[in-house]
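In: Return atomic coordinates for the entry below.
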Amino acid sequence: MPLDYLHLWPDQPMPQMASKPYRAVLVAEQAVSKVWREEVVKWLVGSGCLYFVAWGIVCEEWHDAVDWAVLEAFDFGEIPDDKFVMTTWHDKEPLSEALWFAENCASHPDVDLADTVVVHVSLSERRAAMLELYHDSQDIEDDT
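Out: Numbering: from 1, shown residues only. Presented below is the predicted three-dimensional model:
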């Protein structure tokens, strides 16, 4: 499964991204304004994010913002099955467990999500460390 890393500086404009179906794992390590959070989620939804896994600072607010962005994108009407964005937040779990969840459980019922993007909201870029943590998290054993 292709994996990519995207570092976002708070209150900066979003980069260009090709529009295709993918899952996003938001790692929020920095507080941001509500306005900027809403811009980010609208941009993610518009670029093809169909599963949004939120972890970190106010991750439930990020989750809710995605839900609202999807509703607004369809004028609060019916959302086509292949445009519906699945969302989860993981505020009481270590990051490694949220990353494991993204790889192993975050699927869409109607669209194949071959790509994953780790969206890192932080003052410092940590591409290598974040991708290594993602790969290492897949070794978590199921204790059930």
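
In: all helices of the protein, in order?
Out: Applying DSSP state H to the chain gives helices spanning 34-46, 59-73, 95-104, 127-137.

In: Let me know which of those helices is the nearest to A28.
Out: A28 lies closest to helix 59-73 among these, at 5.9 Å (C-beta to C-beta). Any C-beta I mention is one placed from the backbone N, CA and C, and that applies to glycine too.

In: how far is that closest one from where the chain is centred?
Out: Centre-to-centre, helix 59-73 and its host chain are 11 Å apart (C-alpha atoms, centre = their mean, to the nearest Å).

In: Restrict that helix to CA atoms and write it as CSV.
Out: Coordinates of the C-alpha atoms in helix 59-73 are reproduced here as CSV (Å, rounded to 0.1, in the frame of the first residue of the first chain):
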residue,chain,number,x,y,z
CYS,A,59,-8.6,15.2,17.3
GLU,A,60,-12.3,14.9,17.9
GLU,A,61,-12.7,18.5,16.6
TRP,A,62,-10.7,17.5,13.5
HIS,A,63,-13.0,14.5,13.1
ASP,A,64,-16.2,16.7,13.4
ALA,A,65,-14.8,19.2,11.0
VAL,A,66,-14.4,16.6,8.3
ASP,A,67,-18.0,15.4,8.9
TRP,A,68,-19.2,19.0,8.5
ALA,A,69,-17.1,19.6,5.4
VAL,A,70,-18.6,16.5,3.7
LEU,A,71,-22.2,17.7,4.6
GLU,A,72,-21.4,21.2,3.3
ALA,A,73,-19.9,19.8,0.1
